[in-house]
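Asker: kindly generate the corresponding structure for this input.
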Amino acid sequence: MAEPKTGELMEKIVSLCKRRGFIFQSSEIYGGLNGFWDYGPLGAELKRNIKECWWRSMTQLREDVVGLDASIIMHPKIWEASGHTSTFSDLMVDCLLTKKRFRADQVEPQSGTAYFYTGASDASGGKESKDAFSVLIPASKHVEHARKVAKQFYQERGIENPTLLGERTEELKDSTRYNPENGGLLTEPRPFNLMLKTYVGPVESAENVAYLRPETAQAIFVQFKTTLEVSRQRVPFGICQIGKAFRNEINPRNFTFRSREFEQMELEFFIRPDEVIQKLAGSVASLSDPQPSTLNPQPNWGWELWHKYWVEQRIKWYESIGLGRETLVEYWQKKGELAHYARATVDILFKFPFGTQELEGIAARGDFDLTQHQKFSGKSMEHFDEEAKAKYVPHVIEPSAGVDRLALALICNAYCEDQAPDEKGKLESRVVMKFHPRIAPIKVAVFPLLKNKPALVEKAKAVRDLLRPHMTVFYDEAGAIGRRYRRQDEAGTPFGVTVDFDTLGEKGPELQDTVTLRDRDTMKQERVKISELVSLLVEKIR
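Answerer: A predicted model of the protein is given here:
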């Protein structure tokens with residue numbers, strides 16, 4: 001089948017997410033709330049599977065990473081130390097006509113003729129406005145369009161029948177000073193802090209101001225020394241956390257991609273400074289040295305190789321849940337793009353239908369965060385290294401990923417339209433979500449061939465109960481078997497088990513207590529003994 005166009009594809013994905021119970025607009029019966037989303041039955045399972053896979057890969061399969069679950073609201077001085085209260089802002093502009101707000105760096109450049117006005121008057125009402133205004137229109141539009149927009153602006157200021165004053169024109173190229181939607185002038189850019197403010201305690205006063213955390217990382221830095229002591233770890237080691245974060249985004253967009261409430265999966269991996277490695281190993285290995293194809297941590301690794309190691313680890317993890325390297329882009333930020341504290345940052349990008357966008361950032365943050373918290377708290381963040389016989393503030397490699405963005409990437413990547421035969425063998429279109437079994441919301445669906453045959457229903461429910469302790473199972477007995485397959489294809493269920501008359505031994509003892517196991521992607525079916533079903537499926541989904 002022909003591939004759907006980009007805009008059309010995203011519309012289909014959004015529609016499927018609501019129809020099948022992946023993602024709903026938050027507070028929808030009240031008109032919704034921009035930038036907030038609820039996850040339905042399938043979406044909740046998908047997110048849970050993502051987080052469990054990440055947590056297992058980070059903590060249970062490694063000896064050098066431990067977990068943390070910190071509070072959402074923390075001491076406000078933490079955000080002073082991290083720089084969030086002073087620098088965590090976007091430059092914003094407002095449309096002078098509609099008051100709609102935009103991020104200044106996201107206004108599309110426009111070219112055309114700008115019409116400038118010094119004000120407007122209303123002779124009948126005796127009113128006058130001296131507010132300057134201008135409108136940019138492309139060459140294809142008539143001057144009356146600019147005048148209409150300008151009159152709307154002055155009408156908003158109480159001039160009912162405006163006569164425009166001081167009209168002049170100027171040709172502009174690639175200007176970002178005008179609203180792309182109506183051509184109206186935008187305000188000058190000004191900073192807009194992205195943190196959501198609240199108050200702790202019964203009195204709303206400056207002393208009780210607190211913030212919903214904009215990231216989970218700072219709690220890890222604050223608890224670094226305590227966690228190091230109680231976990232009996234040694235540097236290099238990591239602390240990871242999954243949790244909610246909040247950012248008052250100016251312009252939430254692209255479905256769930258940029259939201260005001262979201263979940264992060266972050267690791268802070270603490271390493272020795274290069275000068276300590278030099279003292280211990282006699283030299284510091286770097287990226288310019290010849291390296292094996294597979295990076296295995298070595299005692300002489302400096303920050304460069306640890307950073308590269310974690311980039312590779314993260315890409316391999318994405319591959320393990322179904323995002324192949326061909327869907328990802330490894331972007332190394334240029335020097336001018338780096339945050340002031342970063343030595344290097346790699347963004348792992350995914351090719352969404354609406355463009356190639358960031359899934360995860362892996363940053364070499366140096367000792368900036370721990371040093372800042374040491375300065376603001378007055379508590380030492382230095383670690384005494386027994387092996388090196390040295391005291392130092394550890395440096396950090398930070399892989400930081402978004403759960404919601406990843407869920408959206410997996411949904412976009414899984415969405416597929418193809419053709420499959422119906423009960424009569426005629427080809428029909430089907431939508432199938434080709435999730436990797438590891439993260440699929442439902443692992444297996446169980447069907448009795450017919451719901452009006454008690455023996456089939458009883459046996460199918462017994463198979464369901466056999467599988468339930470080991471995986472997420474969905475039981476469905478309503479409708480033709482082909483329709484039930486299609487419903488589960490659309491939900492992304494990788495396997496279907498059908499209990500039929502052969503299962504009951506009606507055609508001979510050789511097929512008794514066997515079921516049909518159907519593969520979602522290939523639609524191939526095989527007979528499997530019920531006694532072997534659990535071990536076979538567990539191997540496939542894990």
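Asker: what's near enough to touch the residue lying farthest from the centre of the chain?
Answerer: Of all residues in the chain, residue 124 sits farthest from the chain's C-alpha centroid, using C-alpha atoms, centre = their mean; the distance is 56.2 Å. Contacts for residue 124 (C-beta atoms under 8 Å, 6 or more residues apart in numbering) come out as 160, 161. From N, CA and C alone the C-beta is placed, and that goes for glycine too.
Asker: could you do residue 526 as well?
Answerer: 516, 517.
Asker: give me the sheet partners of the strand or helix carrying it and which way each runs.
Answerer: Under the criterion of DSSP states H and E, residue 526 resides in strand 525-529. With DSSP bridges as the test, strand 525-529 is paired with strand 514-519 (antiparallel).
Asker: buried residues, the partner strand. List them.
Answerer: Buried residues in strand 514-519, counted by 16 or more other C-beta atoms under 10 Å: 514, 515, 516, 517, 518.
Asker: the longest helix along the chain - contacts with which helices or strands?
Answerer: Scanning the chain for the helix with the most residues, using DSSP state H, yields helix 303-320. Identification of packing neighbours for helix 303-320 by 3 or more C-beta pairs under 8 Å, 6 or more residues apart in numbering; DSSP states H and E yields helix 41-55, strand 261-271, strand 328-332, strand 344-352, strand 355-366, strand 395-402.
Asker: and if we set it to 10 Å?
Answerer: helix 41-55, strand 261-271, helix 274-281, strand 328-332, strand 344-352, strand 355-366, strand 395-402, helix 403-414 (3 or more C-beta pairs under 10 Å, 6 or more residues apart in numbering; DSSP states H and E).
Asker: can you list the ones you listed in CSV and add distance to residue 307 and mean pLDDT?
Answerer: Converted to CSV, the helices and strands packed on helix 303-320 look like this (distance: least, C-beta to C-beta, whole Å; pLDDT from 0 to 100):
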stretch, distance to residue 307, mean pLDDT
helix 41-55, 19, 97
strand 261-271, 9, 97
helix 274-281, 12, 93
strand 328-332, 10, 95
strand 344-352, 6, 96
strand 355-366, 5, 95
strand 395-402, 5, 97
helix 403-414, 21, 97
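Asker: please enumerate the helices of the stretch 351-500 of the chain.
Answerer: 368-377, 403-414, 454-467, 481-491 (DSSP state H, counting those that start in this stretch).
Asker: closest to residue 349 out of those?
Answerer: helix 403-414 (9.9 Å; C-beta to C-beta).
Asker: what angle do helix 41-55 and that closest one make with each other?
Answerer: 110 degrees (axes from the mean of the first three to the mean of the last three C-alpha atoms, to 10 degrees).
Asker: run the chain-centre distance for helix 403-414.
Answerer: Offset of helix 403-414 from its chain centre (C-alpha atoms, centre = their mean, to the nearest Å): 7 Å.
Asker: same check on stretch 471-488?
Answerer: That offset, for stretch 471-488, works out to 30 Å (C-alpha atoms, centre = their mean).
Asker: now that stretch: mean pLDDT?
Answerer: Averaged across stretch 471-488, the pLDDT comes to 93.
Asker: that stretch spans what distance, first to last residue?
Answerer: End-to-end distance of stretch 471-488 (C-alpha to C-alpha, to the nearest Å): 16 Å.
Asker: returning to what we had before: go through the longest helix of the chain and flag the buried ones.
Answerer: If you call a residue buried by 16+ other C-beta under 10 Å, then helix 303-320 has these buried ones: 303-311, 313-315, 317-318.
Asker: one more: stretch 128-138?
Answerer: Going by 16+ other C-beta under 10 Å, stretch 128-138 has these buried residues: 128, 129, 133, 134, 135, 136, 137.
Asker: ok, now stretch 9-29?
Answerer: Those would be 9, 10, 13, 14, 16, 17, 20, 21, 22, 23, 26, for stretch 9-29 by 16+ other C-beta under 10 Å.
Asker: deepest-packed of the helices of the stretch 351-500 of the chain, please.
Answerer: Highest mean neighbour count of those: helix 403-414, a mean of 22 (counted as mean count of other C-beta atoms under 10 Å).
Asker: alpha carbons only: can I get that helix in CSV?
Answerer: These are the backbone C-alpha positions of helix 403-414, laid out as CSV (Å, rounded to 0.1, in the frame of the first residue of the first chain):
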residue,chain,number,x,y,z
VAL,A,403,8.9,8.5,28.7
ASP,A,404,6.1,10.3,26.8
ARG,A,405,8.3,11.2,23.8
LEU,A,406,9.5,7.6,23.6
ALA,A,407,5.9,6.2,23.9
LEU,A,408,5.0,8.5,21.0
ALA,A,409,8.0,7.4,19.0
LEU,A,410,7.1,3.7,19.5
ILE,A,411,3.5,4.4,18.5
CYS,A,412,4.6,6.2,15.3
ASN,A,413,7.2,3.5,14.5
ALA,A,414,4.7,0.7,15.1
